[in-house]
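Student: Sequence below, structure please.
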Amino acid sequence: MTFLHDRVAAGERLFGTWCNLGSSITVEMAGIAGFDWVLLDLEHGVGDQESLVAQVQAAAAATTAPIVRIAWNDPVRFKRVLDLGVSGVMVPYVQTADEAYAAVRAMRYPPDGVRGVASLTRATGFGTAFADYFDRANRELLTVVQIETPTAVENVDQIAAVDGVDVLFIGPLDLSTALGIQGQYSNPHFLDAVDAVTNAARNHGKASGTLVLDPAMLDPMVERGMTFIAMGSDGGLVAAGMRANAALLAPLGEA
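Tutor: Next comes the predicted model:
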């Protein structure tokens, strides 16, 4: 499996994309396109635990690292996806250091955490690589916590200080909505929040990132020091392409 932790910790820029259609085919396309990682979305995406298996397999075949966004900061949800051999987990709506610590504990085997130990999983090569995986998992799996509210921004320094948190990841639509400026990604209030997150990450030796919904966001986020950035989604690309084609065809139907 693909571990990204050391590359992230070294400050390497790693670019990904969102896969929210629950499709192993679009995951494979993303890997072939050259993305370093793909976000497999179990929070807002249409896929489920069963479809996740094929998506993780497709990521491996296309040599891209699968990061799964679980629906909530719940230890049971962590273990179900980690045993599939994912490279990391993205945790939504983390607002305090205690919540970040709980996420880290759910990511790790005892004595450092509460993750259940099973040897015959896909992550361990169905038992053939259990010792190696067990030795590396606590250290090398990637823990990504999402900063999505003003409360999280207020607490971001304490969140960044939690040992085991690797990436502070801004959910741009959620955060801008919570700030009362939905979708205004160049608004000074939004950019102030971004700066608070990137500064906290830098001060504690962590990475920061976001999902770029508008190409105009990309350079400002990179300039602020973000190194773990996703751009676009499979659902967004398909929907935009469908609308564009329908718009081209619509006038022909009026003849």
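Student: going forward, measure contacts between C-alpha atoms and count neighbours the same way
Tutor: Will do.
Student: what about the residue nearest the centre of the chain, which SS state?
Tutor: The residue lying closest to the centre of the chain (Cα atoms, centre = their mean) is Met90, at 4.5 Å. Put simply, Met90 is strand when judged by DSSP: H, G, I helix; E, B strand; the rest coil.
Student: From Leu175, how far off is it?
Tutor: 16 Å (Cα to Cα, to the nearest Å).
Student: Tell me who's in contact with the residue nearest to the centre of the chain.
Tutor: If a contact means Cα atoms under 8 Å, 6 or more residues apart in numbering, then Met90 has 67-70, 143-146 as its contacts.
Student: Count the residues that sit near the nearest residue to Asn187 once chain neighbours are set aside.
Tutor: The spatially closest residue to Asn187, leaving aside those adjacent along the chain, is Ile181, at 7.6 Å (Cα to Cα, 6 or more residues apart in numbering). Residues lying near Ile181 (other Cα atoms under 10 Å) number 15.
Student: do the same with Asp48
Tutor: 13.
Student: residues contacting it?
Tutor: Going by Cα under 8 Å, 6+ apart, the list of residues near Asp48 reads 22, 42.
Student: roughly how far apart are it and Val56?
Tutor: Distance from Asp48 to Val56, by Cα to Cα: 12 Å.
Student: Likewise for Asp163?
Tutor: 27 Å.
Student: And Tyr101, by the same measure?
Tutor: Taken as Cα to Cα, the span from Tyr101 to Val56 is 26 Å.
Student: Have a look at these two and say which one is more surrounded.
Tutor: Val56 (26 against 19).
Student: which residues touch the more buried one?
Tutor: Contacts of Val56 by Cα under 8 Å, 6+ apart are 24, 66, 84-86.
Student: where exactly do the helices run in the stretch 51-200 of the chain?
Tutor: 75-82, 97-107, 130-140, 150-154, 156-160, 172-178, 188-203 (DSSP state H, counting those that start in this stretch).
Student: Tabulate these (a markdown table), appending distance to Ala118.
Tutor: Shown next, in a markdown table, are these (distance: least, Cα to Cα, whole Å):
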| stretch | distance to Ala118 |
| --- | --- |
| helix 75-82 | 10 |
| helix 97-107 | 14 |
| helix 130-140 | 9 |
| helix 150-154 | 34 |
| helix 156-160 | 30 |
| helix 172-178 | 35 |
| helix 188-203 | 33 |
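Student: which one of the ones you listed lies closest to Asp36?
Tutor: Taking Cα to Cα, helix 130-140 is the member of the helices of the stretch 51-200 of the chain nearest to Asp36, at 16.1 Å.
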